[in-house]
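Visitor: Generate coordinates for the sequence data below:
(2 chains)
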There are 2 protein chains.
Amino acid sequence: MNKKITSLLSGLIFAALSVNTAHAQSDNFSAQQLTQVSEIKQQALDSDLAWDLVESLTTEVGPRMPGTPGDKAAVAWAVAKFKHLGFDKVWTEPATFPKWIRYSESAAIISPAPQPMHITALGNSISTPKNGIEAQVIEFDSLAELENAPNNAAQGKIVFINYKMDRHRDGNGYGPAVQARRSGAVVAAQKGAVGYVMRSVSTAYHRFAHTGGSHYKEGVTKIVSSAISNADADQLHRLVALGKPVTININVQAKSMGEGTSYNVIGEMTGTEFPDQYVLIGGHLDSWDLGTGALDDGAGVAITMAAAKIATSKGKPKRSIRVVLFAAEEFGLWGSKAYVKANQQTISNIVAAAESDFGADKIWAFDSNVHASALPLVSEIAAMMASLGVEHLAKNNARGGPDLIPFRQFNIPAFGLSQDGTDYFDYHHTADDTLDKIDPKKLRQNVASYAVFAYMAANAKTRILGK
Amino acid sequence: MNKKITSLLSGLIFAALSVNTAHAQSDNFSAQQLTQVSEIKQQALDSDLAWDLVESLTTEVGPRMPGTPGDKAAVAWAVAKFKHLGFDKVWTEPATFPKWIRYSESAAIISPAPQPMHITALGNSISTPKNGIEAQVIEFDSLAELENAPNNAAQGKIVFINYKMDRHRDGNGYGPAVQARRSGAVVAAQKGAVGYVMRSVSTAYHRFAHTGGSHYKEGVTKIVSSAISNADADQLHRLVALGKPVTININVQAKSMGEGTSYNVIGEMTGTEFPDQYVLIGGHLDSWDLGTGALDDGAGVAITMAAAKIATSKGKPKRSIRVVLFAAEEFGLWGSKAYVKANQQTISNIVAAAESDFGADKIWAFDSNVHASALPLVSEIAAMMASLGVEHLAKNNARGGPDLIPFRQFNIPAFGLSQDGTDYFDYHHTADDTLDKIDPKKLRQNVASYAVFAYMAANAKTRILGK
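Guide: Purely as a prediction, here's the structure:
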């Protein structure tokens, strides 16, 4: 035998032994369990269950804005799917929210160069008069610039905030941009504006307006709140820059409808040893109305349902694995708030929680937010994800997804399985958020990561504690 | 001096001499002229004139569908720009066409899974009743499959043709796809359909419906003619595949308005020796109404205007260079047909013709369609374009752009400066055809190619003859 080959083989044998040794030496898992995790991981990588789920949800239900018939259909869909997948317990819990409906929206540059614009009403916006509102545009670079403008700076005008968000893998361009969506109409009205339009919170290269939540403030006049596509914002900016007055018309027909009700849909694979303790994974079932909510958050729904199913394919877990599909996230985390309220007494039973709500691109990082005693176990989970291309950040300050914000007060053990969000804000809250934007292969990598995570957190010898 | 460096320098000197020798040896150009071509080429590569033109056209005019106020504004814009650029002669020639106006369009899946679809009326479509037309969908893979279906196969239904076009650099996927756009509504009506919708003629990954010309046939019932985005076609196909009846509603409000009139706008840099002989370059000034016609064909307008300006920056050419901005191309080459009719007696004065109407991506190929006697000159032009990354195909069977089709009967010397069309049908005839899709650097490469072409064809010792 050639010396090089001998040496190579020795290396391989050593590596193989090392893996076995590592498995055998685990303080948290038996060798059999570690084998099972590997098998589950591979099973997830070979499975199109999540794809089938998100295809079904986006096709057979479609858009599902809180309080709409689509939302109701989604709840029925989720209950039926959980049951069909053999979850041990399936139930719903109500959540109320301020209901808002979009009827229509359009906009145009009236002068100096008449042309239509692609616009969307922001959530919660009031209607304009039937023929829209027509006024001269005053442009600001950012919400801060508007805030710093003199009172009456925008008197009788339509304020246009032209801030462009940055593209980043971790989506950190969203924070600086989103404040203008949430509060722009309030500040514009305070400066005397009769309407508000912003460059969408968007990294897109395509002509879609991005919707999203916005709010009004008591005592401040409500004015129409809207966003135009990047291409239209470029156009409006160029026309304003020519120096002549630019007049636009915005026509939004929408309505606040009082209190609406929807339902968190919950499916549980019940634990054999500690059924009350549970791993919480999930996404949100609702979506905005413009697209079919494939990336936001059909993917998260499908990934976590499939992961729980596959993670329990070798037998029931020690602790329960609970998939929570939150209601009315887009309108302000209403499902999550309701869950925390309804389950307050048992929130401390959560041994690990993670939400998938950042699209369907590859998970590139894993991290925890747990008591120091759990860090060796976290490292074991991370090691098992390494072959999926997931990096262990080991900062132990993970957040765990928007619907887990209301849980933070309870210091539950939270986890972040961070998806690559480079392209996420190309599609976020647009009509372009459709099934074709999901890569089935990347979806499988997500399911594998969640399945590994759920299995290991549910079956570890000792439970994970929060900080 | 190091031997390697000496050898390198000798090589460089030899190469430099070779270039000079090649220049000096030209049968068609003086050394001074060849120097000028090189300078013009560089000038074009350094110039943002074309960008400024297309930015101005798409921003200050915007959409310019034949017969609309935008079209009228575009004609005024073009006349003013030609004059401002110092063209020697600027004039317009009328062209008439069947005018058609789009008011609104919308569509939705009604059952089994209600959701909106992104749709566009195809040019020339009739209106539906005010509340749209609602019927069950019958799907066909292609126009051929529909043609081969039994009579009454689509009785009372809406025909959906689900053919997906292929992506190719030379756009050759368009031909097989476009027939369903032009004639789909006729064939569907012949099979008893009450409405027609097709998957857009599109390679796009985004949720835009692509409009484009369609026609009716005398004696065949007119039914609504429309196209949905790729994402919506995927969705509709999936629902049909589930096996239950799928009902949709299509609502198009549009109108044929009788005969409209627009104008070819023509700017000429008049030749000093043979003013009647001319190089014809151009694009079409009109666009569809959904986008701002940046790629189709603001780019062609800007490229050829800028090229003529830059090609004559060293002095007036021997033969004239005429930029023709054709009217109403999108409705069926009406401006081009009018040009040929009005200028029939002098068409034979054209020494070279090329139209830029395939977007704004890099020109990758050059070819001619000329008398054999002109081939050495064609090779000289091609050699001068080589440094721009343009390949000489040397098949001598170029077509020269859609507006040159009506010229073919006269066997004019036609040229193809072929743009890379890989992405062209992502944007073609959509709302997404906006200025941000143009790369200023690639635009300059186009201008340089056209400037080299126009200069050399206009200034060659002998004129180019057609086949």
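
Visitor: which stretches of the stretch 301-450 of chain A form strands?
Guide: Assigned by DSSP state E, counting those that start in this stretch, the strands in the stretch 301-450 of chain A fall at A:319-326, A:350-355, A:363-369, A:391-392, A:414-419.

Visitor: Can you report how many residues neighbour residue A:395?
Guide: Neighbour count of residue A:395, defined by other CB atoms under 10 Å in any protein chain shown: 11. C-betas here are computed from N, CA, C, even on glycine.

Visitor: List the contacts of it.
Guide: Neighbour list for residue A:395: residue A:367 [criterion: CB atoms under 8 Å, 6 or more residues apart in numbering or on different chains].

Visitor: before we move on, back to that, rebuild the strands of the stretch 301-450 of chain A as JSON lines, extending it with distance to chain B.
Guide: Formatted as JSON lines, the strands of the stretch 301-450 of chain A follow (distance: least, CB to the nearest CB, whole Å):
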{"stretch": "strand A:319-326", "distance to chain B": "18"}
{"stretch": "strand A:350-355", "distance to chain B": "25"}
{"stretch": "strand A:363-369", "distance to chain B": "23"}
{"stretch": "strand A:391-392", "distance to chain B": "29"}
{"stretch": "strand A:414-419", "distance to chain B": "19"}
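
Visitor: Export those strands as CSV, with columns for mean neighbour count and mean pLDDT.
Guide: As requested, those are exported to CSV (neighbours: other CB atoms under 10 Å in any protein chain shown; pLDDT from 0 to 100):
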stretch, mean neighbour count, mean pLDDT
strand A:319-326, 28, 98
strand A:350-355, 28, 98
strand A:363-369, 24, 98
strand A:391-392, 15, 98
strand A:414-419, 26, 98
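
Visitor: would CSV of those with distance to residue B:201 be doable?
Guide: Converted to CSV, the strands of the stretch 301-450 of chain A look like this (distance: least, CB to CB, whole Å):
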stretch, distance to residue B:201
strand A:319-326, 39
strand A:350-355, 41
strand A:363-369, 37
strand A:391-392, 43
strand A:414-419, 34
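
Visitor: give the contact list for the spatially closest residue to residue A:408 that is not a sequence neighbour.
Guide: Nearest residue to residue A:408 in three dimensions, chain neighbours excluded: residue A:414, at 7.6 Å (CB to CB, 6 or more residues apart in numbering or on different chains). Residue A:414 is in contact with A:352-354, A:368-370, A:398-400, A:404, A:407-408, A:466, counting by CB under 8 Å, 6+ apart.

Visitor: What residue in the stretch 151-300 of chain A comes nearest to chain B?
Guide: residue A:231 (4.1 Å; CB to the nearest CB).

Visitor: Quick check: that residue touching residue A:202?
Guide: No. Residue A:231 lies out of contact with residue A:202 (CB atoms under 8 Å); the separation is 10.3 Å.

Visitor: Please pull up the helix or strand immediately following the helix or strand of chain A with the lowest mean pLDDT.
Guide: The helix or strand of chain A with the poorest confidence is helix A:3-25; it has a mean of 47 (mean pLDDT, DSSP states H and E). Downstream of helix A:3-25, the first helix or strand assigned by DSSP states H and E is helix A:31-45.

Visitor: so how far is that next one from its chain's centroid?
Guide: Remark: helix A:31-45 is offset 27 Å from the chain centroid, using CA atoms, centre = their mean, to the nearest Å.

Visitor: any chance you could map the helices in the stretch 101-250 of chain A?
Guide: With DSSP state H, counting those that start in this stretch as the criterion, the stretch 101-250 of chain A has helices at A:143-147, A:174-190, A:230-241.

Visitor: Look at the residue of the stretch 151-300 of chain A closest to chain B and report its pLDDT.
Guide: For residue A:231, the pLDDT comes out at 98.

Visitor: List the residues that contact it.
Guide: Neighbour list for residue A:231: A:118, A:206-207, B:432, B:434-436 [criterion: CB under 8 Å, 6+ apart].

Visitor: Show me which pair in these is furthest apart.
Guide: Greatest spacing in these, by CB to CB: A:118 and B:435 (14.1 Å).

Visitor: Okay, domains of chain A per the record?
Guide: As given by automatic domain parsing, the domain ranges for chain A are A:29-88+A:270-459, A:103-255.

Visitor: which of these sits most buried?
Guide: domain A:29-88+A:270-459 (a mean of 22; mean count of other CB atoms under 10 Å in any protein chain shown).

Visitor: Now residue A:52: which helix or strand?
Guide: Following DSSP H and E, one finds residue A:52 within helix A:49-56.

Visitor: Now do the same for the nearest residue to residue A:208 once chain neighbours are set aside: its pLDDT.
Guide: Sequence neighbours aside, residue A:430 is the residue nearest to residue A:208 in space, at 3.9 Å (criterion: CB to CB, 6+ apart). Among the per-residue scores, residue A:430 holds a pLDDT of 98.

Visitor: Please apply the same query to residue A:285.
Guide: Residue A:285 is given a pLDDT of 98.

Visitor: ok now do it, which residues does it touch?
Guide: A:64, A:71, A:74-75, A:78, A:264-265, A:297, A:301, A:325-327, A:335.

Visitor: and what of residue A:310?
Guide: Residues near residue A:310 by CB under 8 Å, 6+ apart: A:40, A:43-44, A:47, A:49, A:447, A:451.

Visitor: Next, give me the two most distant ones among the residues you listed.
Guide: Going by CB to CB, the pair spanning the contacts of residue A:310 furthest: A:40 and A:49, at 12.5 Å.

Visitor: before we move on, the earlier item: in a markdown table, list the domains of chain A along with distance to residue B:100.
Guide: Shown next, in a markdown table, are the domains of chain A (distance: least, CB to CB, whole Å):
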| stretch | distance to residue B:100 |
| --- | --- |
| domain A:29-88+A:270-459 | 26 |
| domain A:103-255 | 17 |
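
Visitor: Next, give phi and psi for the residue nearest the centre of chain A.
Guide: Geometric centre of chain A, nearest residue: residue A:357, 2.4 Å, by CA atoms, centre = their mean. Residue A:357 adopts backbone torsions of phi -150, psi 50, taken as degrees, to the nearest 10.

Visitor: Just to check, it is in contact with residue A:297?
Guide: Yes. Residue A:357 lies in contact with residue A:297 (CB under 8 Å); the separation is 4.8 Å.

Visitor: okay, and the common contacts of these two?
Guide: Joint contacts of residue A:357 and residue A:297 (CB under 8 Å, 6+ apart) are A:283-284, A:329.

Visitor: May I see the residues you listed arranged in CSV, with distance to chain B as well?
Guide: Formatted as CSV, the shared contacts of residue A:357 and residue A:297 follow (distance: CB to the nearest CB, whole Å):
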residue, distance to chain B
A:283, 20
A:284, 19
A:329, 20
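
Visitor: Helices along the stretch 351-467 of chain A, start to end?
Guide: So, for the stretch 351-467 of chain A - with DSSP H, counting those that start in this stretch - the helices run A:375-385, A:424-427, A:440-459.

Visitor: For residue B:166, find the nearest of those helices.
Guide: helix A:440-459 (21.7 Å).

Visitor: and the closest one, anywhere near chain B?
Guide: No. With CB under 8 Å from any CB of the partner chain as the criterion, chain B is not reached by helix A:440-459; the gap is at least 13.7 Å.

Visitor: okay, the angle between that helix and strand A:414-419?
Guide: If you take axes from the mean of the first three to the mean of the last three CA atoms, to 10 degrees, helix A:440-459 sits at 170 degrees to strand A:414-419.

Visitor: and helix A:440-459, C-alpha only, in PDB?
Guide: What follows is helix A:440-459, C-alpha atoms only, in PDB (Å, rounded to 0.1, in the frame of the first residue of the first chain):
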ATOM      1  CA  PRO A 440     -36.500  23.900  -1.900                       C
ATOM      2  CA  LYS A 441     -32.900  22.900  -1.100                       C
ATOM      3  CA  LYS A 442     -32.400  25.800   1.200                       C
ATOM      4  CA  LEU A 443     -35.800  25.100   2.800                       C
ATOM      5  CA  ARG A 444     -34.600  21.500   3.600                       C
ATOM      6  CA  GLN A 445     -31.400  22.900   5.300                       C
ATOM      7  CA  ASN A 446     -33.700  25.000   7.500                       C
ATOM      8  CA  VAL A 447     -35.800  22.000   8.500                       C
ATOM      9  CA  ALA A 448     -32.700  20.000   9.200                       C
ATOM     10  CA  SER A 449     -31.400  22.700  11.500                       C
ATOM     11  CA  TYR A 450     -34.700  23.100  13.400                       C
ATOM     12  CA  ALA A 451     -35.100  19.300  13.600                       C
ATOM     13  CA  VAL A 452     -31.600  18.900  15.200                       C
ATOM     14  CA  PHE A 453     -32.300  21.800  17.500                       C
ATOM     15  CA  ALA A 454     -35.800  20.500  18.600                       C
ATOM     16  CA  TYR A 455     -34.700  16.900  19.000                       C
ATOM     17  CA  MET A 456     -31.600  17.800  21.100                       C
ATOM     18  CA  ALA A 457     -33.400  20.400  23.300                       C
ATOM     19  CA  ALA A 458     -36.300  18.000  23.900                       C
ATOM     20  CA  ASN A 459     -34.200  14.900  24.600                       C
END
